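A.B. asks: Predicted structure and sequence below. I'll ask about it afterward.
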Amino acid sequence: MPPPTAPPLDAVITSSTFDVTGHRVERHLGVVFGLVVRSMGFAKSFTGGFSALRQGEVSQYTEVLEDARRHALDRLVENARAVGANAVVGVRFDSTEIGNSLSEIVAYGTAMVLAPDPR
């Protein structure tokens with residue numbers, strides 16, 4: 001297996017913790033978020049409804065929610081870049097059901113400018 005490579009220079013660090021090892025905080029930029037509202041769509045709702053009748057995971061719903069979380073995280077990173085951040089700490093997800101077939105997923109955290117800590 002090849003060794004891990006360094007992230008690109010324009011990468012935004014995301015962390016569920018409130019500090020990033022090897023970095024120090026230069027500036028706090030405030031809360032940023034990424035929001036997405038997803039519909040199951042007729043086909044997945046139809047097949048997912050049948051899958052829900054049996055015990056176990058409903059893979060149609062899992063797939064939609066995984067995609068929605070990735071999309072919300074991508075939007076979070078876009079918003080962080082827009083305010084000049086190179087990191088978002090304390091990242092969390094929240095979700096809400098809107099009606100019978102819509103789900104709102106939000107990713108949020110604190111945008112920061114981090115610098116390498118020489119210590």
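C.D. replies: Arrived safely, thanks for sending.
A.B. asks: So which residues of the chain form strands?
C.D. replies: With DSSP state E as the criterion, the chain has strands at 13-14, 23-39, 87-98, 102-116.
A.B. asks: With distance to V58 added, can I get those strands in CSV?
C.D. replies: The way it works is simple: take the backbone N, C-alpha and C, and place the C-beta from them, glycine included. Listed next are the strands of the chain as CSV, based on distance: least, C-beta to C-beta, whole Å:
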stretch, distance to V58
strand 13-14, 28
strand 23-39, 15
strand 87-98, 14
strand 102-116, 13
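A.B. asks: Out of those strands, which is closest to V64?
C.D. replies: Proximity to V64 (C-beta to C-beta) singles out strand 23-39 among the strands of the chain, at 5.9 Å.
A.B. asks: Who are the packing partners of the lengthiest helix in the chain?
C.D. replies: Counting by DSSP state H, the longest helix found in the chain is helix 59-82. Secondary structure elements in contact with helix 59-82, counted by 3 or more C-beta pairs under 8 Å, 6 or more residues apart in numbering; DSSP states H and E, are strand 13-14, strand 23-39, helix 42-52, strand 87-98, strand 102-116.
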